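In: Just a sequence and a predicted model for now, questions to come.
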Amino acid sequence: MSAELVNLAAASVAGRMGAIAYGLAAIGPGVGIGLVFGHSIEAMARQPEAMPIIRTNMFLGFALCEVLALLGLVVPFVFSS
């Protein structure tokens with residue numbers, strides 16, 4: 001193989017690594033959001049009187065998980081250059 005062909009193949013693979021990284025990074029927050037809402041609904045069903053506190057914590061947990069997903073979107077673009 002020529003050196004130009006190897007460089008072209010390496011550049012092609014490196015360009016796709018950001019998409020692969022984001023796909024893998026989106027799995028964790030997706031699972032986290034599902035757990036946050038699932039356990040919050042379960043907690044509200046067990047103790048309806050604690051619903052305001054549980055709902056506040058639920059949205060806080062959702063926001064933190066969503067920040068992880070957004071970081072997973074931004075980081076490959078930052079490190080690609």
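Out: Arrived safely, thanks for sending.
In: avg pLDDT for the helix or strand hosting V67?
Out: Assessed by DSSP states H and E, V67 sits inside helix 51-79. In this model, helix 51-79 has an average pLDDT of 88.
In: That one: which residues count as buried?
Out: By neighbour count, with 16 or more other C-beta atoms under 10 Å as the criterion, the buried positions of helix 51-79 are I54, M58, G61, F62, C65, L68, A69, G72. Any C-beta I mention is one placed from the backbone N, CA and C, and that applies to glycine too.
In: hang on, isn't the fifth one packed against V36?
Out: Yes: taking contacts as C-beta atoms under 8 Å, C65 lies within contact range of V36: 6.3 Å.
In: returning to what we had before: can you name every helix or strand that the helix holding V67 contacts?
Out: Judged by 3 or more C-beta pairs under 8 Å, 6 or more residues apart in numbering; DSSP states H and E, helix 51-79 is in contact with helix 3-25, helix 27-46.
In: and these, which one is worst for confidence?
Out: In terms of mean pLDDT, the lowest-scoring of the helices and strands packed on helix 51-79 is helix 3-25 (a mean of 66).
In: returning to that earlier point: could I get the buried residues of helix 51-79 as JSON lines with distance to A26?
Out: Below are the buried residues of helix 51-79 laid out as JSON lines (distance: C-beta to C-beta, whole Å):
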{"residue": "I54", "distance to A26": "26"}
{"residue": "M58", "distance to A26": "20"}
{"residue": "G61", "distance to A26": "17"}
{"residue": "F62", "distance to A26": "15"}
{"residue": "C65", "distance to A26": "11"}
{"residue": "L68", "distance to A26": "9"}
{"residue": "A69", "distance to A26": "6"}
{"residue": "G72", "distance to A26": "6"}
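In: What is the nearest of those to I20?
Out: Ranking these by separation from I20, with C-beta to C-beta as the measure, puts G72 on top at 11.4 Å.
In: can you pull the contacts of the residue lying closest to that closest one once chain neighbours are set aside?
Out: Beyond its immediate neighbours in the sequence, the residue positioned closest to G72 (C-beta to C-beta, 6 or more residues apart in numbering) is A25, lying 2.8 Å away. Residues near A25 by C-beta atoms under 8 Å, 6 or more residues apart in numbering: L68, A69, L71, G72, L73, V75.
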